[in-house]
Structure formats: structure tokens, C-alpha cells
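J.: kindly return the folded structure for what I paste below:
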Amino acid sequence: MLEIQNIDANNLDFVKNFLLKVKSVEELDENILKNGLMVKDDDIIGIISYEVFISYGLIRYFVFKKDTDELIVKELIDELSKKARNNGLTHLFSIVNNKDLENLFISFDFYKEDLKDVYIEEVSFLESEFKDANLLIKDLSI
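T.: Numbering: from 1, shown residues only. Here you go, the predicted structure:
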């Protein structure tokens, strides 16, 4: 049976072991992981977590086993949205440079942000290392 759990001190090592098997994960930040959730049965199926920027949460860990049912991912996004809202956040956002992933986020009520007025550490998003990506935002007040 599938279960969604908060990531905390009790299961942090279990989560780390799962993530360290993923080639694209280069480093782990425990504080960011603790802002997350996992879905599991006997083993972890997926993890999602965010990093806090004032009242926004940047999705930092979004890792799922191949062929995970989209409804499972949606349920995890919905639960993460509730968690973020309960922690005082107003929006979740993700930087995406993959069309399939972009469409997935849009199906979960994220929308594309106009990038001309977006800055990362005083550098225009359009002139940053992310210039070929899209910024997708979910309003948590809805």
C-alpha cells in the first residue's frame, strides 16, 4: 500500500540512500530534504522537496522511479502544496528545461511566468544559466 510521509530525522537516511543512487543528484541538503515528502510502499517511489525563498518555495528535489503513475505524482504535489501553505509560503516554483516535465507541471496547476522581470541574485533570468529554461509557478492561495 502506498503511503505519503514527511521527510524527517526518522527516515532521512532512508531518503538519502534512495537519492544517492540517482546519477543527477550531486549533493544532498538535509534542510531542504526536511521540507519534503516521499511516497513509498516497501521502497521509495518518489521524493519532492522545496527550498524556501521568503514566501516562495523552489522545488529542488523532484525524483521518481521510472513509470510512476502521474496520479501518484499529482497527489504528492498536492500534499507538498498543503505543507508549503501551512508553513507560510504563498507559491511554489520550479525551473524546468524539459518539455514533458513542463507539461506535467502545467497539468498540476503551475503556470509559465513571464521572464523579463525575473532576477536571480540581481541577474536577469534571461541572461542567467537558466536562460533556456522556463519558470513555472503554482499559486498556493487558490
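
J.: check the residue sitting nearest the centre point of the chain and give its pLDDT.
T.: Per Cα atoms, centre = their mean, the C-alpha nearest to the average position across the chain is that of I59, at 3.0 Å. The model reports I59 with a pLDDT of 95.

J.: that one is in what secondary structure piece?
T.: Element membership for I59 (DSSP states H and E) is strand 56-64.

J.: quick revisit: so the residue nearest to the residue nearest to the centre of the chain when sequence neighbours are not counted bridges to which residues?
T.: When the adjacent residues along the chain are set aside, I59 lies closest to S94, with 4.3 Å between them (Cβ to Cβ, 6 or more residues apart in numbering). For every residue, glycine as well, the C-beta is placed using N, CA and C. Note on S94: beta-bridge partners by DSSP bridges are L136.

J.: quick one: the least confident helix or strand in the chain by mean pLDDT to chain centroid distance?
T.: Across the helices and strands of the chain, mean confidence by mean pLDDT, DSSP states H and E is lowest for strand 119-120: a mean of 71. Its chain's C-alpha centre lies 19 Å from the corresponding centre of strand 119-120 when counted by Cα atoms, centre = their mean, to the nearest Å.

J.: picking that back up, surely the residue nearest to the centre of the chain and F53 touch.
T.: No: in terms of Cβ atoms under 8 Å, I59 does not count as a neighbour of F53; the distance is 11.4 Å.

J.: quick one: N17 is in a helix?
T.: Yes: assessed with DSSP: H, G, I helix; E, B strand; the rest coil, N17 lies in a helix.

J.: ok, now how distant is it from D132?
T.: For N17, the distance to D132 (Cβ to Cβ, to the nearest Å) stands at 33 Å.

J.: helices along the chain, start to end?
T.: Listed in chain order, the helices found in the chain under DSSP state H are 12-19, 30-33, 70-86, 99-107.

J.: ok, which of those helices comes nearest D43?
T.: Between D43 and those, the shortest gap by Cβ to Cβ is with helix 12-19, which sits at 7.7 Å.

J.: list of residues touching that closest one?
T.: Here helix 12-19 makes contact (Cβ atoms under 8 Å, 6 or more residues apart in numbering) with 7, 25, 28, 30, 33-34, 36, 38, 43-44, 47, 61, 63.
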